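Q: I'll drop the sequence and a predicted model, then ask my questions.
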Amino acid sequence: MDNREAIGSWLSGPRAAAEEMGTDFGYRGERLGLPEEGPGSAASMGRRFGALFLDWALCMLIAYGLFARDAQGAANYALGVLLVLNILTVGTVGSTPGKRLLGLRVVSESRDRLGFGWAVVRSALLCLAVPALVWDRDGRGLHDRLARAVQVRI
């Protein structure tokens, strides 16, 4: 192997290097028994981040309108609003307003409704932010893995 190949595999990441060696990772959600495309398939990162952005914007509006009159105070309250919003909506109907607008739903690994206790765990971990930034090859964040949840397309 010359230096260009070594640098190229380093720049493209470990997954690309493993794929070049013949490793088959399958599609996102395959290990969970989800379909590759269409309803019930694993949600893409773009849709998930878009839904989180919409939910955060809604929480900022609520926090600014009800609790704070400056942007910094609203941001602090918005995190609490996001926690309550996620617990109540994911724990009952399975979707936050942002997820519903983008066609996503949070379900348990067995495709049932996510229990309220698991919704509390998932929401608390989401508000910590770090677990949501670490994900596996199925596209599930650490907060979803620990809560035994998966985000799917509707």
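A: Looks like it arrived, so ask away. Numbers count the residues shown, from 1 in each chain.

Q: All the helices of the chain, residue numbers only.
A: Secondary structure of the chain (DSSP state H): helices at 3-12, 14-20, 45-66, 71-92, 97-101, 116-128, 142-146.

Q: Export those to JSON lines and append columns for distance to G26 and mean pLDDT.
A: (Each C-beta comes from the backbone N, C-alpha and C, glycine too.) Putting those into JSON lines (distance: least, CB to CB, whole Å; pLDDT from 0 to 100) gives the following:
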{"stretch": "helix 3-12", "distance to G26": "19", "mean pLDDT": "58"}
{"stretch": "helix 14-20", "distance to G26": "11", "mean pLDDT": "73"}
{"stretch": "helix 45-66", "distance to G26": "17", "mean pLDDT": "95"}
{"stretch": "helix 71-92", "distance to G26": "27", "mean pLDDT": "94"}
{"stretch": "helix 97-101", "distance to G26": "25", "mean pLDDT": "98"}
{"stretch": "helix 116-128", "distance to G26": "25", "mean pLDDT": "95"}
{"stretch": "helix 142-146", "distance to G26": "17", "mean pLDDT": "93"}
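
Q: now the ones you listed in CSV, with mean neighbour count?
A: Listed next are these as CSV, based on neighbours: other CB atoms under 10 Å:
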stretch, mean neighbour count
helix 3-12, 11
helix 14-20, 12
helix 45-66, 16
helix 71-92, 17
helix 97-101, 18
helix 116-128, 18
helix 142-146, 19
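
Q: Which of the ones you listed sits closest to R28?
A: helix 45-66 (9.3 Å; CB to CB).

Q: What are the contacting residues of the closest one?
A: The contact list for helix 45-66 (CB atoms under 8 Å, 6 or more residues apart in numbering) reads 71, 73-82, 85-86, 96-99, 101-104, 132, 135, 139, 151, 153.

Q: Output it as PDB, nothing but the C-alphas.
A: Extracted C-alpha coordinates of helix 45-66, given in PDB (Å, rounded to 0.1, in the frame of the first residue of the first chain):
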ATOM      1  CA  MET A  45     -30.300  12.000   9.600                       C
ATOM      2  CA  GLY A  46     -31.500  15.000   7.600                       C
ATOM      3  CA  ARG A  47     -35.100  14.500   8.500                       C
ATOM      4  CA  ARG A  48     -34.200  13.800  12.200                       C
ATOM      5  CA  PHE A  49     -32.100  17.000  12.400                       C
ATOM      6  CA  GLY A  50     -34.800  19.000  10.600                       C
ATOM      7  CA  ALA A  51     -37.400  17.800  13.000                       C
ATOM      8  CA  LEU A  52     -35.200  18.700  16.000                       C
ATOM      9  CA  PHE A  53     -34.600  22.200  14.500                       C
ATOM     10  CA  LEU A  54     -38.400  22.700  14.100                       C
ATOM     11  CA  ASP A  55     -39.000  21.500  17.600                       C
ATOM     12  CA  TRP A  56     -36.300  23.800  19.000                       C
ATOM     13  CA  ALA A  57     -37.700  26.800  17.100                       C
ATOM     14  CA  LEU A  58     -41.100  26.000  18.600                       C
ATOM     15  CA  CYS A  59     -39.700  25.700  22.100                       C
ATOM     16  CA  MET A  60     -37.800  29.000  21.700                       C
ATOM     17  CA  LEU A  61     -41.000  30.700  20.700                       C
ATOM     18  CA  ILE A  62     -42.900  29.200  23.700                       C
ATOM     19  CA  ALA A  63     -40.100  30.100  26.100                       C
ATOM     20  CA  TYR A  64     -39.700  33.600  24.800                       C
ATOM     21  CA  GLY A  65     -43.500  34.200  24.900                       C
ATOM     22  CA  LEU A  66     -44.200  32.700  28.300                       C
END
